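>>> what follows is a predicted structure for the sequence shown.
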Amino acid sequence: MANILAVAEQRDGALRRISEEVVSAAKTLAGSTGGAVHAALLGGSGTRTAAAALAGFGADTIHVAESDEFTNYSPEGYVDTLAALIRDGGYFAVLIGGSALGKDLAPRLAARLDLPLASDATALDVDGGELVVTRPVYAGRAFAQVILQAEPRLVSLRPNVFRAEARPGSGSVVELAVSGDAGARRVRVREVRAAQAGRLDVGEAPIVVSGGRGLRDAEHWHLLESLRDALGPGCALGASRAVVDAGWRPHAEQVGQTGKTVSPQLYFAVGISGAMQHLAGMRSARTIVAINKDPDAPIFKIADYGLVGDAHEVLPKLTEEIRKLTGC
Amino acid sequence: MKTIVCIKRVPDTEARIRVSGGSIDTAGVKFVISPYDEFALETALRLKEGGAGGEVSVLSMGEAAAAEQLRSALAIGADSAVLLKGQPTLDGLATARALAAEIEGGGADLVLLGMKAGDDDQQQVGPMLAELLDLPCITVAAQLEIEDGKVVCHREIEGGVEIVEAPLPCVVTITKGAFEPRYPSLKGIMAAKKKPLQEKDAQLGESRIQVRALNQPPERAAGRIVGQGVDAVPELVRLLRDEAKAL
């Protein structure tokens, strides 16, 4: 058996995009191991319906645990339930999204099942029957290729790196029993507060607009917000450490070490000079645009397209030109 | 309240990481307490000063040189320190085992760690440690309060926060919150010399993550300066649309 298990996730009954990425990566991997793709989805009301869509990304069997207990994330309930599935599943590998949920869940599962864990993979390859996991270390200042000496191989995947690929299929949904005693769970999510309703997180947005000290003050952030809006709903705001330390922007938006490492399709660095720790956090973006008035700023060394100029002058025109294309 | 803060010795975040012969060349690299661990220590000290009282001890698994970071933590305000001497490993479960062996049965009310280490970025030791100790765990807390024997945290998730609670004793991993970590004062540095720093061998076990290769990140092909000022904007947008196919 060389089956792969993809652990999917939902929020409020809607599949999260990382789920499509994880199932797609599992499908690719199963192509190398000659196994089937299993997916697992846990959640509250509506989860069973949402889970069916995973078949469209290559899942052959979809294990679903729908329970009121899982309306919010329950770390202990998830671990009990998934550990039972994995223990009996005989999987070659178990892939989990490197989201807030996945990064909380994966290490708990690893310890419960006595398995080593490779976090935040950016590539998976099978070489001589063995899974080789590529993952960043030192916040992206180096990359390690590692092998997990256990079965199943437990890996979390960095969001936005593995492409979600629709593959028409006819996977079947099966019930996954909730394990453990719901009354004995100690960790409880009391409440979920959305910071910005409907906005993508900088860590998972396909387009990121980041600002730095070159904006000169927090009150000028509307210039970046306008650009973000022009780029459409797939765009999120990011920030350099300098402006987060200055209190201009929340830490949740920080890109770089002690912030988030991002891999969007398109990254705008506006008024960011490009400290080592910032570059490490965004250098895996597909296309990088830098706007800075200092032509010697280090950010230009890794940017695909550089524009030398003052953010205050350039941003309104850039927003206007992009709006013409997107209509947003 | 008895709090244990686990810290790790890592290269400074601004250090240029050079890979040579499949490992990191640490010549000339400055080492620090991993940045998120500093937030964990600050959280512990604020709880102690804010009325919880008790003691704050710091614990590290690492090479003998990690005593330097433990001494810094004592200078910053921790009361005592333990160094578990062992080779740092990418296998978080091995590290968690070594820490658990030390923490087990010690009567800690709260175990704090940074949400991830600044070198291997695995983000796994905290929840693994909790699982091994059979303690509840909350990860990536930007805010932590103690209410009636419970820990209540603001946990950062995509696009918002979860308000999460768990009973003490508990393991919590800390992210950057509303405050900055303090620096050691001269008085603190002097006082640290008299504080206990115990060294023992780590019960590390075997690492089951084998590193096959370590590489510099792929170089990005040299980009180009499209132009200067507002006049260059239409050309930039054209390139993003037609050449990069990014719009």
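Structure received.
>>> residue contacts, residue 173?
Since you didn't name a chain, this refers to chain A. Applying Cβ atoms under 8 Å, 6 or more residues apart in numbering or on different chains to residue A:173 gives the contacts A:48, A:51, A:52, A:62, A:64. No exception for glycine: its C-beta is placed from N, CA and C like everyone else's.
>>> wait, I meant chain B there
Contacts of residue B:173 (Cβ under 8 Å, 6+ apart): B:36, B:40, B:112-116, B:126-127, B:137-141.
>>> check the secondary structure at it for me.
strand (DSSP: H, G, I helix; E, B strand; the rest coil).
>>> could you dump the contacts of residue B:173 to a markdown table with distance to residue A:7, pLDDT and secondary structure?
Output for those, formatted as a markdown table (distance: Cβ to Cβ, whole Å; pLDDT from 0 to 100; DSSP: H, G, I helix; E, B strand; the rest coil):
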| residue | distance to residue A:7 | pLDDT | secondary structure |
| --- | --- | --- | --- |
| B:36 | 25 | 96 | helix |
| B:40 | 28 | 98 | helix |
| B:112 | 27 | 98 | strand |
| B:113 | 24 | 98 | strand |
| B:114 | 25 | 98 | strand |
| B:115 | 20 | 97 | coil |
| B:116 | 20 | 96 | coil |
| B:126 | 19 | 98 | helix |
| B:127 | 15 | 98 | helix |
| B:137 | 18 | 98 | strand |
| B:138 | 20 | 98 | strand |
| B:139 | 16 | 98 | strand |
| B:140 | 18 | 97 | strand |
| B:141 | 23 | 97 | strand |
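>>> how about the residues of the stretch 151-300 of chain A near chain B?
Within the stretch 151-300 of chain A, the positions near chain B by Cβ under 8 Å from any Cβ of the partner chain are A:186-196, A:199-201, A:203-204, A:244-245, A:251-252, A:254, A:257-258, A:261, A:265-266, A:275-277, A:280, A:283-284, A:286-289, A:295, A:300.
>>> returning to that earlier point: which of the contacts of residue B:173 come close to chain A?
Counting by Cβ under 8 Å from any Cβ, the members of the contacts of residue B:173 near chain A are B:36, B:126, B:127, B:137, B:138, B:139, B:140.
>>> how about the contacts made by residue 155?
By default, I'm working from chain A. Listed by Cβ under 8 Å, 6+ apart, the contact set of residue A:155 reads A:93, A:94, A:95, A:96, A:117, A:118, A:119, A:121, A:124, A:131, A:133, A:148.
>>> actually it's chain B I care about, not the one you picked
A:100, B:138, B:139, B:140, B:141, B:142, B:161, B:162, B:163, B:164.
>>> quick one, strands of the stretch 1-150 of chain A?
A:4-7, A:10-11, A:14-15, A:37-43, A:61-66, A:93-97, A:117-121, A:123-127, A:130-137, A:142-148 (DSSP state E, counting those that start in this stretch).
>>> highest average neighbour count across those?
strand A:4-7 (a mean of 30; mean count of other Cβ atoms under 10 Å in any protein chain shown).
>>> other SSEs contacting it?
Here strand A:4-7 touches helix A:17-33, strand A:37-43, helix A:75-89, strand A:93-97, going by 3 or more Cβ pairs under 8 Å, 6 or more residues apart in numbering or on different chains; DSSP states H and E.
>>> just put the contacts of residue A:173 in TSV and tack on distance to chain B and pLDDT.
Output for these, formatted as TSV (distance: Cβ to the nearest Cβ, whole Å; pLDDT from 0 to 100):
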residue	distance to chain B	pLDDT
A:48	23	96
A:51	20	97
A:52	23	95
A:62	23	98
A:64	22	98
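>>> element containing residue A:156?
strand A:153-157 (DSSP states H and E).
>>> if we ignore the residues flanking it in sequence, what's nearest residue A:42?
Sequence neighbours aside, residue A:65 is the residue nearest to residue A:42 in space, at 4.5 Å (criterion: Cβ to Cβ, 6 or more residues apart in numbering or on different chains).
>>> ok, that neighbour touching residue A:80?
No - counting by Cβ atoms under 8 Å, residue A:65 does not reach residue A:80; the two are 10.2 Å apart.
>>> what do the two both touch?
Shared contacts of residue A:65 and residue A:80 (Cβ under 8 Å, 6+ apart): residue A:178.
>>> just say helix, strand or coil for residue A:166.
Classified using three-state DSSP, residue A:166 is coil.
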